[in-house]
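In: Okay, structure incoming, though there's no sequence with it:
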Ligand SMILES: [Zn+2]
């Protein structure tokens, strides 16, 4: 196995955490864990379980811990499932601490540096501004249309009262306009809600980032486990090197 300096990290991306839905889920989970910490601590937690792939045969590699040496100390590694099942792969197991630390170091250096957090915040606020400009344009249009529809309705009502024509003759048109009015009102409400979501998430993302950064720094593996998928796409272990794939930046 090559020294760690020669392992490879690709590509240089920002996390796709700007997807509001994914972000909200990650945050909810973090809050849940804070409230419920202390439970389920006995089971071994592997930071990268489900993310490690054998570069030699393509099988997934899973975490394994066994007693080892004269002192019977624990030895944890990621092993190729094909090799473990004697299906022919000869790829060596790789020590869990090596890979976990390598990935967390890279994560810290690349994503949780002050510069990257600022970059991410700028990206996010740009995204929010664009969204809010879009919806404020739509809101102006919708308000104008609402005004127009309200005006039409009152002129129909006025026509009936002033000319004395039967309400029956304008009934269908009146209903059409009233349906239209209800639809626009609902749409306006929806636009307002979207704006609120965008406004909340910018601050919340920064808070989450700083919280995550701390977990990475202190090597809190169970907590890191909850958000690692937002940042790491996969880790491929070859016989002589490891390649770490970060999640790409969101378009
Ligand atoms: Zn394999």
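Out: Happy to help now that I have it. Everything numeric in this text was worked out from a predicted model, so none of it was measured. Numbering: from 1, shown residues only.
In: tell me the contacts of residue 83?
Out: For residue 83, the contact set (Cβ atoms under 8 Å, 6 or more residues apart in numbering) comprises 54, 57, 59, 89, 90, 91, 93. For every residue, glycine as well, the C-beta is placed using N, CA and C.
In: Grab the two from those residues that are most spread out in space.
Out: 57 and 93 (13.4 Å; Cβ to Cβ).
In: Spell out which parts of the stretch 51-200 of the chain neighbour the ion.
Out: Within the stretch 51-200 of the chain, the positions near the ion by Cβ under 5 Å from the ion are 54, 56, 57, 59, 80, 82, 89, 91.
In: Lowest-confidence one in the residues you listed?
Out: Within these, pLDDT reaches its minimum at residue 82, with 90.
In: Any buried residues in stretch 55-75, and which?
Out: Residues of stretch 55-75 classed as buried by neighbour count (16 or more other Cβ atoms under 10 Å): 55, 56, 57, 59, 61, 62, 63.
In: and these as a markdown table, adding secondary structure?
Out: Putting the buried residues of stretch 55-75 into a markdown table (DSSP: H, G, I helix; E, B strand; the rest coil) gives the following:
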| residue | secondary structure |
| --- | --- |
| 55 | coil |
| 56 | coil |
| 57 | coil |
| 59 | coil |
| 61 | strand |
| 62 | strand |
| 63 | strand |
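In: Among these, find me the one that's closest to the ion.
Out: residue 57 (3.3 Å; Cβ to the ion).
In: Could you give the secondary structure assignment for the residue lying closest to the closest one once chain neighbours are set aside?
Out: The spatial neighbour of residue 57 that comes closest, neighbours along the chain excluded (Cβ to Cβ, 6 or more residues apart in numbering), is residue 89 at 4.1 Å. Classification of residue 89 using three-state DSSP returns coil.
In: Verify the contact between residue 89 and residue 54 for me.
Out: Yes - if you go by Cβ atoms under 8 Å, residue 89 and residue 54 touch, sitting 6.3 Å apart.
In: Of the two, which one has the most company?
Out: Comparing residue 89 with residue 54 by other Cβ atoms under 10 Å, the one with more neighbours is residue 54, at 22 against 18.
In: The more buried one - nearest residue in space that isn't next to it in sequence?
Out: Leaving out its chain neighbours, the residue that sits closest to residue 54 by Cβ to Cβ, 6+ apart is residue 80, at 4.1 Å.
In: what's the neighbour count on that neighbour?
Out: Number of residues near residue 80 (other Cβ under 10 Å) recorded here: 26.
In: per-residue confidence at the residue of the chain most remote from its centre?
Out: Distance from the C-alpha centroid of the chain, by Cα atoms, centre = their mean, peaks at residue 164 (61.5 Å). Looking at residue 164, its pLDDT stands at 82.
In: Residue numbering should commence at 53 henceforth.
Out: That works, and once the first residue is 53, the last one we named lands at residue 216.
In: Distance of it relative to the ion?
Out: Taking Cβ to the ion, to the nearest Å as the measure, residue 216 falls 88 Å from the ion.
In: Then residue 279?
Out: For residue 279, the distance to the ion equals 27 Å [Cβ to the ion].
In: Does that residue fall in a helix, a strand, or a coil region?
Out: helix.
In: how near is it to residue 108?
Out: 29 Å (Cβ to Cβ, to the nearest Å).
In: The host helix or strand of residue 202: what's the following helix or strand?
Out: Using DSSP states H and E, residue 202 maps to helix 166-215. Next in sequence after helix 166-215, counting helices and strands by DSSP H and E, comes helix 219-269.
In: could you check the angle helix 166-215 makes with that following helix?
Out: Between helix 219-269 and helix 166-215, the angle comes out at 170 degrees (axes from the mean of the first three to the mean of the last three Cα atoms, to 10 degrees).
In: Which elements pack onto helix 219-269?
Out: On a contact count with 3 or more Cβ pairs under 8 Å, 6 or more residues apart in numbering; DSSP states H and E, helix 219-269 meets helix 72-87, helix 148-163, helix 166-215, helix 273-283.
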